[in-house]
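Kindly return the folded structure for what I paste below:
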Amino acid sequence: MMVNRIGKVLVIIACLTTGIISLLLAPIIPFQYEGTKKVNYSPTIKQINLFITSDVANIQLNYATDPNADLINISYSYVIGSSIIVTPPSILISSQNSTFGNTLSVNLTIDFPPSILSSVWSTMTKITLNPTLLSNLTIRTETGNILIDNSKSQNKTFIDLTLEATTGNIEVILVNESNIFGTFHMNSNSGNTQLLLMENVTLNNDFVIETTTGNIDLILNNLSLKSQVLKGIVLSSSGTIHAEMYQWLNPTGNLTLNITTNSGSVRLDIKLEADFFSSQISPQTSTGTIWFRTPHPGFNQIDSSLISINTGLSSYINVNITTISGNIDIYADCI
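Down below sits the predicted model:
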């Protein structure tokens with residue numbers, strides 16, 4: 001009797017082992033998911049409130065060239081690698097639309113449910129907005145990159161612009177004469193963050209760019225501040241920060257740029273028109289090294305700060321840089 005029981009156990013173990021080996025050796029094949037969702041053009045709609053939540057997907061948002069294009073066109077293409085012996089996961093792509101007055105609100109949710117013996121190979125969600133729309137954007141992803149490019153937009157105006165990625169890069173390119181009225185916040189935990197503001201972009205509120213372990217690249221080119229007194233907050237725990245600021249035109253306002261990183265290094269390139277602003281650059285580090293690249297025309301070095309020769313002007317652009325163990329490298333002109 002004992003021998004029979006042992007035999008049955010061995011048979012069960014052999015079956016389980018064979019099944020596990022079969023699962024492991026089963027071929028992985030691609031499954032592709034493609035589709036589009038859209039809201040047709042309506043001349044009465046002037047604004048879009050777009051809210052995107054995605055667990056795994058790259059998001060690219062730009063604008064159409066035709067003023068009569070769809071108010072929003074969503075095109076997606078995802079490839080999942082899955083074992084041939086299991087059912088591939090079903091991806092949930094939910095879009096809910098509503099209209100109130102001249103405003104269209106769109107809530108887009110992209111959900112990749114967990115599945116055994118499958119993995120995400122590639123994802124792309126392309127969002128194309130009508131170029132005449134006033135934009136109000138909130139995009140949050142768990143794993144995936146976010147790219148915003150408004151080079152084709154005709155309206156060029158944002159109410160709020162909030163972008164968050166847990167694991168992924170964020171890149172924002174805003175062209176000449178873009179305008180941001182409200183919140184401007186970019187946050188990536190473990191990805192790189194890049195912001196490029198072209199000529200005469202108007203800021204009407206403070207802005208925040210932050211990452212935990214990624215790098216930050218910030219380029220500000222001839223900002224317009226519209227008599228505002230604003231702050232720019234740039235934060236990274238362990239990444240490198242590179243900030244460039246070129247200001248030849250009077251922004252008619254004041255900006256203080258606060259750059260902080262714990263263990264990363266900071267490089268600042270700043271060139272200002274001396275006739276329009278005063279400027280003070282104040283770096284501070286605990287164990288790192290501070291380099292003022294010489295010459296730095298238009299600035300006097302006083303202790304550990306650079307202070308512009310022209311002081312007391314109606315506008316100012318100041319920069320405060322703080323690191324714990326990172327180095328600080330400064331190239332500065334005010335001429």
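
roughly how far is whichever strand or helix holds residue 186 from the heart of the chain?
Assigned by DSSP states H and E, residue 186 belongs to strand 184-188. With CA atoms, centre = their mean, to the nearest Å as the basis, strand 184-188 stands 6 Å off its chain's centre.

What helices and strands are in contact with whatever helix or strand comes next after it?
Following strand 184-188 in sequence order, the next helix or strand is strand 193-197 (DSSP H and E). The contact analysis (3 or more CB pairs under 8 Å, 6 or more residues apart in numbering; DSSP states H and E) places strand 193-197 against strand 170-174, strand 184-188, strand 207-211, strand 216-221. C-beta: built from backbone N, CA, C; applies to glycine.

circling back to that earlier point, other residues contacting the strand holding residue 186?
158, 160-166, 168-170, 172, 193, 195, 203, 205-212, 214 (CB atoms under 8 Å, 6 or more residues apart in numbering).

Pairing partners for it, with directions?
Strand pairing for strand 184-188, using DSSP bridges, gives strand 157-167 (parallel), strand 207-211 (parallel).

Next, the angle strand 170-174 makes with the first one.
Relative orientation of strand 157-167 versus strand 170-174 (axes from the mean of the first three to the mean of the last three CA atoms, to 10 degrees): 160 degrees.

Next: the last one.
Using the same axes, to 10 degrees, the interaxial angle of strand 207-211 with respect to strand 170-174 works out to 150 degrees.

List the contacts of strand 207-211.
180, 184-193, 195, 216, 218, 230, 232-237, 239.

Please pick the buried ones from those residues.
Burial by neighbour count, 16 or more other CB atoms under 10 Å: within the contacts of strand 207-211 this picks out 180, 184-189, 191-193, 195, 216, 218, 230, 232, 234-237, 239.

how far off strand 193-197 does the strand holding residue 186 point, in degrees?
Going by the same axes, to 10 degrees, strand 184-188 makes 150 degrees with strand 193-197.

Moving C-terminal from the helix or strand containing residue 77, which element do we reach first?
Counting by DSSP H and E, the element that carries residue 77 is strand 72-83. Using DSSP H and E, the next helix or strand after strand 72-83 towards the C-terminus is strand 92-100.

quick one: buried residues of that next one?
So for strand 92-100, counting by 16+ other CB under 10 Å, buried means residue 93.

picking that back up, tell me how far the strand holding residue 77 is from the chain's mean position?
Worked out by CA atoms, centre = their mean, strand 72-83 lies 21 Å from the chain centre.

do the same with stretch 131-144
Distance, centroid of stretch 131-144 to centroid of chain: 10 Å (CA atoms, centre = their mean).

now do stretch 39-57
Centroid displacement of stretch 39-57 relative to its chain, using CA atoms, centre = their mean, is 18 Å.

Can you pull the poorly scored residue ranges out of the stretch 1-150 of the chain?
1-26 (pLDDT under 70).

ok, now the stretch 201-335 of the chain?
Nowhere does the stretch 201-335 of the chain drop to pLDDT under 70.

picking up where we left off before, identify whichever of the strands paired with strand 184-188 lies nearest to residue 296.
Nearest to residue 296 among the strands paired with strand 184-188 is strand 207-211; the distance by CB to CB comes to 25.2 Å.

tell me the angle the closest one makes with strand 216-221.
150 degrees.

residues contacting residue 232?
With CB under 8 Å, 6+ apart, residue 232 has these contacts: 206-209, 255-258.

picking up where we left off before, turn the strands paired with strand 184-188 into JSON lines, including distance to residue 27 and mean neighbour count.
As requested, these are arranged in JSON lines below (distance: least, CB to CB, whole Å; neighbours: other CB atoms under 10 Å):
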{"stretch": "strand 157-167", "distance to residue 27": "28", "mean neighbour count": "20"}
{"stretch": "strand 207-211", "distance to residue 27": "39", "mean neighbour count": "22"}
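
Next, format those strands as TSV and append distance to residue 326.
Putting the strands paired with strand 184-188 into TSV (distance: least, CB to CB, whole Å) gives the following:
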stretch	distance to residue 326
strand 157-167	23
strand 207-211	14
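
And the ones you listed: which comes nearest residue 226?
strand 157-167 (13.2 Å).

any idea of the mean pLDDT for that closest one?
Mean pLDDT, computed over strand 157-167, is 97.

Can you tell me what sits against that strand?
47, 134-146, 148, 170, 172, 178-191.

Just the buried ones out of these, please.
Neighbour-count burial within the contacts of strand 157-167 applies to 47, 134-146, 148, 170, 172, 178-181, 183-189, 191; the criterion is 16+ other CB under 10 Å.
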